[in-house]
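Enquirer: next come a sequence and a model predicted from it.
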Amino acid sequence: MLELAILGFLYDEPLHGYDLRKRVGALTGHVRPIADGTLYPLLKRMEAAGLLSRELQPGSVAAPRHMLSLTPAGRKALLDRLREPDELFITDENRWFTLLAFLRLLDDAAAQAVVLRRRLEFLTQPASFLWDGERPLRAADFDDPFRRGLFTIATATSRTELTWLRQTLTELEPAT
């Protein structure tokens, strides 16, 4: 998830590590704050893998800054991951939101639609946080207001996302 966010933010423009950390934190930090001890070693690994390049530029006030850019291999890796995301990027909400933040970078509406269809298929499968044998439990099954709240919020979120997915697919896949 972090690697996808880094590739996505660097797709549009080179960034200094601090700026990149702020953007990634704004996207994922509410779920998982990004520590320097996580980000900077990952940037070094991505650079060693040929996905990023680093250029030293003079600082405006202080010391020189290392600007990070995507290499052609990094651009290809990002687009490949967007086009064919791992299953966890479809089923895990936090990974899905990270993927969704950059799906616009695929300039092929049909490819975007394929990804959205995978998410739609996942969301339309019977699901529940808790089960009674083979029966998925619903908000009305609980006297506990907190579990009822969990199910009520999750149901509303899913309905909203399903509506958005269907509307967007209609726009991406016009009737022929």
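Expert: Nice, I can see it.

Enquirer: for the rest of this, base every contact and every neighbour count on C-alpha atoms.
Expert: Will do.

Enquirer: got the domain ranges for the protein?
Expert: Domain assignment of the chain by automatic domain parsing yields the ranges 2-83, 108-172.

Enquirer: hey, which of those domains is tucked in deepest?
Expert: Of all these, domain 2-83 carries the top mean neighbour count, a mean of 16, counting by mean count of other CA atoms under 10 Å.

Enquirer: mind checking how far stretch 156-169 is from the chain centre?
Expert: Its chain's average C-alpha position is 17 Å from that of stretch 156-169, according to CA atoms, centre = their mean, to the nearest Å.

Enquirer: hmm, who's touching that stretch?
Expert: Residues from elsewhere that reach stretch 156-169 (CA atoms under 8 Å, 6 or more residues apart in numbering): Ala113, Leu116, Arg117, Leu120, Leu123.

Enquirer: send the alpha carbons of stretch 8-26 over as CSV?
Expert: Output in CSV follows, covering the C-alpha atoms of stretch 8-26 (Å, rounded to 0.1, in the frame of the first residue of the first chain):
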residue,chain,number,x,y,z
GLY,A,8,1.3,7.4,-7.4
PHE,A,9,2.4,10.6,-5.8
LEU,A,10,5.6,10.7,-7.8
TYR,A,11,3.8,10.0,-11.1
ASP,A,12,2.8,13.6,-11.5
GLU,A,13,5.9,15.4,-10.2
PRO,A,14,9.3,14.9,-8.5
LEU,A,15,9.0,15.4,-4.7
HIS,A,16,11.3,15.9,-1.8
GLY,A,17,11.1,13.0,0.8
TYR,A,18,9.5,15.3,3.3
ASP,A,19,6.8,16.4,0.9
LEU,A,20,6.2,12.8,-0.2
ARG,A,21,5.8,11.8,3.5
LYS,A,22,3.2,14.5,4.1
ARG,A,23,1.2,13.5,1.1
VAL,A,24,1.3,9.8,1.9
GLY,A,25,0.4,10.6,5.5
ALA,A,26,-2.6,12.6,4.4
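
Enquirer: what is the mean pLDDT for it?
Expert: Here stretch 8-26 scores 91 as its mean pLDDT.

Enquirer: so how far is whichever strand or helix holds Leu162 off the chain centroid?
Expert: According to DSSP states H and E, Leu162 maps onto helix 145-172. How far helix 145-172 lies from its chain's middle: 17 Å, per CA atoms, centre = their mean.

Enquirer: contacts only, for Leu15.
Expert: Leu15 makes contacts with Met67, Leu68, Ser69, as judged by CA under 8 Å, 6+ apart.

Enquirer: and which of the residues you listed is nearest to Leu52?
Expert: Nearest to Leu52 out of the contacts of Leu15 is Ser69 (CA to CA; 5.5 Å).
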